[in-house]
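1. with the sequence up front, the predicted model follows.
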Amino acid sequence: MRDLINLISLLEAKAEGENPTRLKKVIVDLLKTTDEGSVLNQVLKVLQAGNIDERISKIVGTDADARQFIGQITDAIIKSDASIEQKNAFLEKFPKGILNAKMLVDGKEHSFEELVGPGFPTELLKNLSVQLTSQGVGPGEVALAVMSPNIKWSGRDVGGGDILVNGKPVEVKTRVSSGGRWLNTRKSNMNLPAIKQAIEDASGLEIPARLSVDNWVNVYRPNIDPKALSGVAQTIADGIFSGVSNKRYKEMLMKGDVSDIIDEHLRTGFDNYKTLSGFEGILLMDLPTERTQYFKEYDAMADAIKNDSVYIYAPEAEMMPKVALSGGGKTKTAGNAAAEPAAPVTGKGKGILNKFADMASQITGGPRSTPKSDDASKGAGRTKRR
């Protein structure tokens, strides 16, 4: 309590047109009515932060990408358990860039700590990656753009890729709870009805809603007349990948084993996605293990990724599997992970915080900000196979 009183005394000089003695007495009286540690800790943070919300708005708001999300960014910084010294250091560095954009796309695996620094910057990158999302905006896209003046969010520009890194279009696929698909359904122009018809007519077998590579190799392909197989394989290849040469994929459908077909499905799929969407490469971002790696070609990533089920036929949104970085890194424990929003204070404690927030805004001259909990966006779960 003595620390709180001392901090309030330090803030009195900022009060304009107010009676600081009266404000201090009201605040102290309010705080005397509670022994809740969560309330006292949050009050202490507000007092220590001073007018940090104004400074965040002024400094971070100079970035065109960050300006659109300034409320969420300010909230994330204020709510963080990081010290005020760490937050001030972040704000001082922000105008020149927190994230090393050149390192981000050098093709090597990097930890978040390498890219933005340990502690608070890494925590903030993780938090913003899931908070700054909306319809059409995937995890990580805006968060990366906010962290460097050399990274632009493509939501503000015309062209391929989710972000522009030093002017080059980059697609971002971030694993929150599952990986991302290499698929642009607006441009993929798939012909799934033709695939279904060709396989059923040639094999005499009805195909399920999702036809796996294993089923193709071991059940359907053996039931197709070898003389008809080339035509069926071509229909499948053309029906899935229309933007690039699919000759190699057709060959694997005809004679490859399960692993051969899956590998070529990913390779051709990567090239098809890249061509149709107009990006230079894909940045795989992994929040659980705090890692990123950038790839321009599939062969460079083949040994660095993991994927879920690959289908010859499925709903269009599932025709490319979810892909994420494999191995490496270490999933962070609860003690090292980005801080979750604090549980909301209820009852008498909440009333005290609300009153205190009003008092604090008068002292600091900043807008009222009351502690609350936010639901972080979560990656889509894996679709259940039928």
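-> Cool, the structure landed. All figures in this text were calculated on a predicted structure; none of them were measured in a lab.
2. rounded mean pLDDT for the one helix or strand Thr21 maps to, please.
-> Element membership for Thr21, per DSSP states H and E: helix 20-32. Helix 20-32 shows a mean pLDDT of 71.
3. swap in stretch 282-301?
-> Mean predicted confidence for stretch 282-301 is 96.
4. list the buried residues of that stretch.
-> Residues of stretch 282-301 classed as buried: 282-296, 298, 301 (neighbour count, 16 or more other C-beta atoms under 10 Å). C-betas here are computed from N, CA, C, even on glycine.
5. starting at the chain centroid, how far to it?
-> Averaging C-alpha positions (C-alpha atoms, centre = their mean, to the nearest Å) puts stretch 282-301 13 Å from its chain's average.
6. offset the numbering so it begins at 59, please.
-> With 59 as the first residue, the last one maps to stretch 340-359.
7. okay, now it: how far is its last residue from its first?
-> By C-alpha to C-alpha, to the nearest Å, the extent of stretch 340-359 from end to end equals 10 Å.
8. how near is the residue most central in space within the chain to Leu383?
-> By C-alpha atoms, centre = their mean, the chain has its centre lying nearest to Pro197, at 2.2 Å. Distance, Pro197 to Leu383, using C-beta to C-beta, to the nearest Å: 14 Å.
9. tell me where this protein has strands.
-> For the chain, the strands defined by DSSP state E cover 168-169, 209-211, 221-223, 226-233, 238-239, 269-270, 339-344, 349-353, 363-365, 369-371, 380-383.
10. helices along the stretch 109-258 of the chain, start to end?
-> 110-118, 122-125, 128-137, 142-151, 159-162, 170-174, 178-189, 199-204, 250-261 (DSSP state H, counting those that start in this stretch).
11. would a markdown table of those helices with distance to Val316, mean neighbour count and mean pLDDT be doable?
-> Listed next are the helices of the stretch 109-258 of the chain as a markdown table, based on distance: least, C-beta to C-beta, whole Å; neighbours: other C-beta atoms under 10 Å; pLDDT from 0 to 100:
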| stretch | distance to Val316 | mean neighbour count | mean pLDDT |
| --- | --- | --- | --- |
| helix 110-118 | 50 | 18 | 82 |
| helix 122-125 | 43 | 18 | 84 |
| helix 128-137 | 44 | 19 | 89 |
| helix 142-151 | 49 | 15 | 91 |
| helix 159-162 | 35 | 18 | 96 |
| helix 170-174 | 35 | 21 | 97 |
| helix 178-189 | 34 | 23 | 95 |
| helix 199-204 | 34 | 29 | 94 |
| helix 250-261 | 17 | 17 | 98 |
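12. can I get these in a markdown table including distance to Lys364?
-> As requested, the helices of the stretch 109-258 of the chain are arranged in a markdown table below (distance: least, C-beta to C-beta, whole Å):
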| stretch | distance to Lys364 |
| --- | --- |
| helix 110-118 | 35 |
| helix 122-125 | 31 |
| helix 128-137 | 30 |
| helix 142-151 | 33 |
| helix 159-162 | 21 |
| helix 170-174 | 20 |
| helix 178-189 | 20 |
| helix 199-204 | 22 |
| helix 250-261 | 26 |
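13. what about stretch 125-137, distance to the chain center?
-> Offset of stretch 125-137 from its chain centre (C-alpha atoms, centre = their mean): 16 Å.
14. likewise stretch 250-263?
-> The answer for stretch 250-263 is 38 Å, by C-alpha atoms, centre = their mean.
15. residues contacting that stretch, please?
-> Residues from elsewhere that reach stretch 250-263 (C-beta atoms under 8 Å, 6 or more residues apart in numbering): 264-265, 269, 277-278, 281-283, 286-287, 289-290, 293-294, 296-298, 370-371, 374, 377.
16. rerun at 7 Å
-> Residues outside stretch 250-263 that contact it (C-beta atoms under 7 Å, 6 or more residues apart in numbering): 264-265, 278, 281-283, 286, 290, 293-294, 297, 371, 374.
17. now for the helices of the stretch 109-258 of the chain, which one comes closest to Lys308?
-> The closest of those to Lys308 is helix 250-261. By C-beta to C-beta, the value is 12.5 Å.
18. what residues are up against Lys231?
-> Lys231 is in contact with Gly237, Gly238, Ile340, Leu342, Met343, Val381, counting by C-beta under 7 Å, 6+ apart.
19. pLDDT wise, what is it at?
-> So, for Lys231, pLDDT stands at 95.
20. again, but for the one 5 residues further on
-> If you check Ser236, the pLDDT there is 90.
21. same thing with Ile421?
-> Ile421 is given a pLDDT of 45.
22. what does Asp432 give?
-> At Asp432, pLDDT is 37.
23. what sits closest to Asn365 if chain neighbours are left out?
-> Nearest residue to Asn365 in three dimensions, chain neighbours excluded: Pro379, at 4.2 Å (C-beta to C-beta, 6 or more residues apart in numbering).
24. phi first, then psi, for the one you found.
-> phi -70, psi 160 (degrees, to the nearest 10).
25. ok, it touching Ile363?
-> No: assessed by C-beta atoms under 7 Å, Pro379 is found out of contact with Ile363, at 10.0 Å.
26. how is the chain divided into domains?
-> 60-112+400-422, 162-169+211-224+232-397 (automatic domain parsing).
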